[in-house]
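**Q** Need a 3D model of the sequence below.
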Amino acid sequence: MRTVKIEELSLKEFQPFGFYANHINPETEKIGKPPIEFFRDIVQLDLGSTPKASFSTCRVEKRELMVDVSEYHSSVGEGILPLDNDIIIHVGPATSPDSSVPLEKIRAFRIPQGTLVVLRPGVWHHAPFTINDNPANVLIVLPERTYANDCHVTELHGEDRIKIEENI
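**A** Below is the predicted model of the structure:
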């Protein structure tokens, strides 16, 4: 069984998988000044040919830090925004269709609460993990019904599973 250490987000390290931005205290261009400031166009999400985004909640409770399932969406990206707790996500680079999970290239990142992560189309991932004993409610942004018509899921068994550890 392979083990990966949790990494802190950095633009350089996360770039192969997508983009991210802190949406609670953004450090970007804005329109207006207090008491109303509008931080516009911070991160973009590739919706493919679908004109409609769908906003869903994935609630995760504490569970073993073990990657035993991974998935990807061929033609769209995915937005992931932890609302009330930090989370950990695993990611792997996009592969050709019908390829297996790139086990040796899987990485794990800590995503702070309020930080929007946008995964590129084809990036391997699955439901996040909560960072502590508290549940995490995570806003997921995808084109409507992507989970039903563009979700390629692979279960990992035995030695193919990947253990995630703190980077101490």
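**Q** going forward, measure contacts between C-alpha atoms and count neighbours the same way
**A** Noted.
**Q** From the chain's centroid, how far away is the helix or strand hosting Glu37?
**A** Following DSSP states H and E, one finds Glu37 within strand 36-38. A distance of 27 Å separates the centroid of the chain from that of strand 36-38, by CA atoms, centre = their mean, to the nearest Å.
**Q** now stretch 3-23
**A** 9 Å.
**Q** Disregarding flanking residues, what is the spatial nearest neighbour of Lys52?
**A** Once flanking residues are discounted, Lys52 sits nearest to Pro143: 5.8 Å by CA to CA, 6 or more residues apart in numbering.
**Q** ditto for Glu165
**A** Closest to Glu165 by CA to CA, 6+ apart is Lys5, at 4.9 Å.
**Q** List of residues touching stretch 50-61?
**A** Residues outside stretch 50-61 that contact it (CA atoms under 8 Å, 6 or more residues apart in numbering): 47, 127-130, 133-145.
**Q** How many residues are close by the spatially closest residue to Thr115 that is not a sequence neighbour?
**A** Distance criterion CA to CA, 6+ apart; nearest residue to Thr115, sequence neighbours excluded, is Asn22 at 4.1 Å. Neighbourhood size, Asn22 [other CA atoms under 10 Å]: 18.
**Q** so Leu47 makes contact with Gly77?
**A** Yes. Taking CA atoms under 8 Å as the definition, Leu47 is a contact partner of Gly77 at 6.4 Å.
**Q** Which neighbours do these two have in common?
**A** Common neighbours of Leu47 and Gly77 (CA under 8 Å, 6+ apart) are Leu142.
**Q** More neighbours: which of these two?
**A** Gly77 (23 against 19).
**Q** Could you pull up the contacting residues of the more buried one?
**A** Leu45, Asp46, Leu47, Gly48, Val118, Leu119, Arg120, Pro121, Gly122, Leu142.
**Q** Minimum pLDDT in those, which residue is that?
**A** Among these, Gly48 has the lowest pLDDT, at 84.
**Q** I'd like the distance between that residue and Asn149.
**A** 13 Å (CA to CA, to the nearest Å).
**Q** how about the spatially most central residue of the chain, phi and psi?
**A** Residue closest to the average C-alpha location in the chain (CA atoms, centre = their mean): Ile80, at 5.0 Å. Here is the backbone geometry of Ile80 (degrees, to the nearest 10): phi -130, psi 120.
**Q** May I have the beta-bridge partners of it?
**A** Ile80 has these beta-bridge partners by DSSP bridges: Val117, Ile140.
**Q** Might one say that it is in contact with Ala136?
**A** No. With contact defined as CA under 8 Å, Ile80 does not count as touching Ala136 (11.9 Å).
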